[in-house]
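K.L.:
my questions are about this predicted structure, shown below with the sequence.
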There are 2 protein chains.
Amino acid sequence: MEELRQRILSEGQVRPGDVLKVDSFLNHQIDPVLLDHLGAEFARLFSDRPVNKILTIEASGIALAIAAAPHFGNVPVVFAKKGESVNLDGDKYRARVHSYTHGNDYDLLLSKRFLGEDDHVVIIDDFLANGNALEGMIEICSAAGATIEGFGIAIEKGHQVGGKRLREEGWNLQSLAIIESMDPDTGEVTFRD
Amino acid sequence: MEELRQRILSEGQVRPGDVLKVDSFLNHQIDPVLLDHLGAEFARLFSDRPVNKILTIEASGIALAIAAAPHFGNVPVVFAKKGESVNLDGDKYRARVHSYTHGNDYDLLLSKRFLGEDDHVVIIDDFLANGNALEGMIEICSAAGATIEGFGIAIEKGHQVGGKRLREEGWNLQSLAIIESMDPDTGEVTFRD
């Protein structure tokens, strides 16, 4: 998606450790206009799928999912929580995820009341790198008997393994910008065509 | 706001420990239509204020802020992060907050690049109870020299101290539903008029 790629080129900052900072428009400060356009593009890409729920992961995935929901006919959004919370009692699905970003393990948690075998979901998130969080979401959907209609990602780090693995597994993965390489010395970002 | 009160009465669940669960429509599963209406109501309540930015706190505040943004002329949304993150380098504002919900202390963090003395903000969040998180946001806005035009809260626990203190301090606090009391034995919820 050209608008997102241009925004990454103009405002993104490449940092050592394979970090791309897009915190001026996507995951700290958020541009609602851009987000609305990303949501519309996801809806277009999944228009042939019978989506009745959007799943995402706290925290920054929530913004993207909420912006997308009106374009999917205002289906409910459910976000998986990280770690334990006293506000999340009762039966829940749980998947263990390792975070390379934060260097720790955490649980993805989702109440069983909000996901079941009648659900056809698109899983939306801002970033895809090694894909561990999405594998956790697949595990949760499998436990719930829900059908995954696809994955909608804003920025995929194409040089990491997550996207490659999901495509090899046959999932319908739609990434709006795929980064082929980035150089912390020059700041240069190259996209996959 | 009658629509929100009715939704709390029909779907909210009162639990021991002063917990009101609204996870079927507000902070785990989210109804985008309701959220849009809440956002429109915030915009109406602050229509006389020169708002150029919406602030909120991760995670569930993000959904409400994103839904509100189009009603505020698509001003940017900035969410304060909890705790440290390798993605949040550089200079940042920081405020220490005690969470009664989780029984721990955490830091609210907000990059200095996204808040300054030209900003006129509305601070939006899903819940107001003891108000500690909002006091942290006041501290951050004060450090930034930003002007707080008001606070927009979905559900205020009126029997706790946060709202009372903010009003005594003279802030423009707009809560869409104020709970006067709730009874975990009967499940009854009473609203302030």
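P.N.:
Alright, I've got the coordinates. Keep in mind that what you see is a predicted model, and the values were worked out from it rather than measured. Numbers count the residues shown, from 1 in each chain, chains lettered A, B, ... in the order given.
K.L.:
can you give me the strands in chain A?
P.N.:
Counting by DSSP state E, chain A has strands at residues A:13-15, A:19-21, A:29-30, A:53-57, A:77-82, A:92-99, A:104-111, A:120-128, A:147-157, A:173-182, A:189-191.
K.L.:
among the ones you listed, which is nearest B:V189?
P.N.:
Closest approach to B:V189 among the strands of chain A is made by strand A:104-111 (20.6 Å; C-beta to C-beta). For glycine as for every other residue, the C-beta is placed from the backbone atoms N, C-alpha and C.
K.L.:
any idea what the most centrally placed residue in chain A is bridged to?
P.N.:
The geometric centre of chain A, computed from its C-alpha atoms, lies nearest to A:D125 (C-alpha atoms, centre = their mean), at 1.4 Å. A:D125 forms beta bridges with A:I153, as assigned by DSSP bridges.
K.L.:
against A:A59, how distant is it?
P.N.:
11 Å (C-beta to C-beta, to the nearest Å).
K.L.:
quick one: low-confidence parts of chain A?
P.N.:
Residues of chain A that meet the criterion pLDDT under 70 lie in A:84-89.
K.L.:
at 50 instead, please
P.N.:
Scanning chain A for pLDDT under 50 picks out no residues.
K.L.:
go ahead and confirm the residue nearest to the centre of chain A touches A:I153.
P.N.:
Yes. Taking C-beta atoms under 8 Å as the definition, A:D125 is a contact partner of A:I153 at 5.8 Å.
K.L.:
ok so, going back, what sits against the residue nearest to the centre of chain A?
P.N.:
By C-beta atoms under 8 Å, 6 or more residues apart in numbering or on different chains, the residues touching A:D125 are A:T56, A:I57, A:G61, A:L64, A:A133, A:L134, A:F151, A:G152, A:I153, A:A154.
K.L.:
if I look at the residue nearest to A:C141 when sequence neighbours are not counted, how far off is chain B?
P.N.:
Closest residue to A:C141 apart from its sequence neighbours, by C-beta to C-beta, 6 or more residues apart in numbering or on different chains: A:I148 at 5.2 Å. Plainly put, A:I148 is 17 Å away from chain B if you go by C-beta to the nearest C-beta, to the nearest Å.
K.L.:
pretty sure A:I148 contacts A:E135?
P.N.:
No. Checked against C-beta under 8 Å, the pair A:I148 and A:E135 is beyond contact range at 11.7 Å.
K.L.:
so what's A:S181 bridging to?
P.N.:
A:T190.
K.L.:
tell me how many other residues surround it.
P.N.:
A:S181: 13 surrounding residues under other C-beta atoms under 10 Å in any protein chain shown.
K.L.:
try A:G187
P.N.:
12.
K.L.:
now swap in A:G83 and tell me
P.N.:
A:G83, neighbours per other C-beta under 10 Å, totals 13.
K.L.:
spit out the contact partners of it.
P.N.:
By C-beta under 8 Å, 6+ apart, A:G83 lies in contact with A:Y106, A:D107, A:L109.
K.L.:
likewise A:V121?
P.N.:
Contacts of A:V121 by C-beta under 8 Å, 6+ apart are A:V51, A:N52, A:K53, A:I54, A:L55, A:L115, A:C141, A:A146, A:T147, A:I148, A:E149.
K.L.:
close enough to count as contact, the third one and A:V78?
P.N.:
The one in question is A:K53. Yes. Using C-beta under 8 Å, A:K53 makes contact with A:V78 at a distance of 6.3 Å.
K.L.:
now do the shared contacts for those two.
P.N.:
The contact sets of A:K53 and A:V78 overlap at A:L115 (C-beta under 8 Å, 6+ apart).
K.L.:
nearest to chain B, out of the contacts of A:G83: which one, please.
P.N.:
Nearest to chain B, judged by C-beta to the nearest C-beta, of these is A:L109 at 9.3 Å.
K.L.:
which strand residues bridge the closest one?
P.N.:
A:K81, A:R94.
K.L.:
give me the number of residues near it?
P.N.:
Neighbours of A:L109 under the rule other C-beta under 10 Å: 19.
K.L.:
how long is stretch A:178-193 end to end?
P.N.:
8 Å (C-alpha to C-alpha, to the nearest Å).
K.L.:
how close does A:L166 sit to B:L134?
P.N.:
Counting by C-beta to C-beta, the gap from A:L166 to B:L134 is 40 Å.
K.L.:
these two - which one has more neighbours?
P.N.:
Neighbour count, other C-beta under 10 Å: between A:L166 and B:L134, B:L134 has more, with 24 against 21.
K.L.:
dump the residue contacts of the more buried one.
P.N.:
B:I123, B:D125, B:L128, B:F151, B:G162, B:L166.
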